[in-house]
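Trainee: Here is a sequence together with a model predicted from it:
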Amino acid sequence: MKYLIPIFLFLITSCEDNQANLLSEDSSTEGILFVACEGNFGNGNGSIEVFRDNKKIQTVENIGDVVQSILIHDNNLFVAINNSHKIKKFTITTSGLSLPGIEVDTYNSGPREMCITDNKLYFTNWNTKDIKVLDLYNYAIETFVTLQNVPEDILTDGNYLWVTTPNLELYDNNQGSTVLKFNVADGSLEETFQVGLGPEKLYLDANLLYVSRTMYDENWISSYGSSTIDINTGEVTIVNYGAGAACRSDIFKLNNNIYRATTNGAVPLDAQLNLNMAAKIGAYNSIYSGGSLDNQLILGSTDYTIPDTVFFYDNSGKLQQTLEVNVLPGDFAIYNY
C-alpha cells in the first residue's frame, strides 16, 4: 500500500546533465567532478567534494551520517544519506553546488541507492525494506513497493526496475540471493532471479545484467562472486571465487570490459566471469570504491581517517591524477556544463 510522507524543503537555484572527460590534459571540455565521502559511521561528517580543472573548488561538509550514493539528473545532484535518513538535492552551478539545497526527510527508512526515470527518483531502503519514489515535481514521497528482503542497488531501463536483495534481514551475513524485476508503470513484480548469495551492485551492458556478490560465513569472513542475467532469455550464470584479492561491491565497464573493484585495484572479468588478476590496474591495499567516468578509471582509497585519496587512471591503465578528499570516498559523478 502506498502512503504519502510529508517533507521539509529548502529552496535552491539551477543548470544540466552530461558526462565529461574531466581529467584528461588535452580535453577542451569543462566539467565538475563530485566525490561523495561517506564519513565515519555515527559522526555525521559525510561530505561532497567538488573539483574543477583538477582543483578542489568546494567542500560541502557535515551533510549527514553515511553519504551512501550520489546521482546527477538535469542540473541537479541528488544525495542519499543512509543513517540520517535523508535525500538532498543541490543545484549544480559553474562554481559548484548552490547551498543550502533541498532536504527531504525519508523518516528512518535508511536510503541506499537511487535511479531516475520519468522525473521520478526511485530509491532502496534498508530499514523499511522497500523501494520509495520521490516525485521531482512536488517532492512528495510514496512507497512504491514493499519487499520481503532488504534491498541494496537499483537500476532502470525505463520500463523496469532491477533491484538486488542481499539480506533477508539487516546484517544477516548476506543470506539473500535474489534480483527482482519490477514494472515501473504499476509496481508489479515481473520476475525473480536467483543469482547466488549476497547480490550487491548492478551493471547493465546490452542484454547482460552483471551482479557483484559478497557473502559472509558465521564468523563474518567474506567470500565473493559475480553473476549475470540475460534480460532477454532470463538465463542466469553464477560464479563463486576462491582465494584472491578481496572484492569491493562496485562493478563497472572500462575499455569494453567489465571490472570489479578490489582492495588492490580494478580487476577485469573474463568471459566466464572469473577475475583476471594478471590484468589488474592499480597496486594498493586500501581501495574502498571504484568506477568508470567517461572511460577513465577512478579508485577511492581509505584508511578510515581524514584525508583519503582518489586515484584517476586513463584508459591505458596509466595513473593520471591523485586527489585528496575527506574520509571514505564511496561514489563519484561528473557533470559537463
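Mentor: Received the coordinates, thanks.

Trainee: residues touching the residue nearest in space to the middle of the chain, list them.
Mentor: Nearest residue to the geometric centre of the chain (CA atoms, centre = their mean): residue 69, 5.1 Å. Residue 69 sits next to 36, 79, 80, 112, 113, 114, 330, 331 when contact means CB atoms under 8 Å, 6 or more residues apart in numbering. (Each C-beta comes from the backbone N, C-alpha and C, glycine too.)

Trainee: now the helix or strand containing it, how far from the centre of its chain.
Mentor: Using DSSP states H and E, residue 69 sits within strand 67-73. Distance of strand 67-73 from its chain centroid, counting by CA atoms, centre = their mean, to the nearest Å, is 7 Å.

Trainee: tell me what the helix or strand following it is packed against?
Mentor: Once the chain leaves strand 67-73, the next helix or strand it forms, by DSSP H and E, is strand 76-81. Counting contacts by 3 or more CB pairs under 8 Å, 6 or more residues apart in numbering; DSSP states H and E, strand 76-81 is packed against strand 46-52, strand 55-64, strand 67-73, strand 86-93, strand 111-117.

Trainee: Serialize these to CSV and add fields for mean pLDDT and distance to residue 268.
Mentor: Compiled in CSV, the helices and strands packed on strand 76-81 are given as follows (pLDDT from 0 to 100; distance: least, CB to CB, whole Å):
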stretch, mean pLDDT, distance to residue 268
strand 46-52, 97, 27
strand 55-64, 96, 31
strand 67-73, 98, 24
strand 86-93, 97, 32
strand 111-117, 98, 23
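
Trainee: Compare these and give me the one nearest residue 282.
Mentor: Smallest distance to residue 282 across the helices and strands packed on strand 76-81 (CB to CB): 19.9 Å, for strand 46-52.

Trainee: neighbouring strands for that closest one, and are they parallel or not?
Mentor: As defined by DSSP bridges, the strand partners of strand 46-52 come to strand 31-37 (antiparallel), strand 55-64 (antiparallel).

Trainee: who wins for proximity to residue 219 among those?
Mentor: strand 31-37 (29.9 Å).
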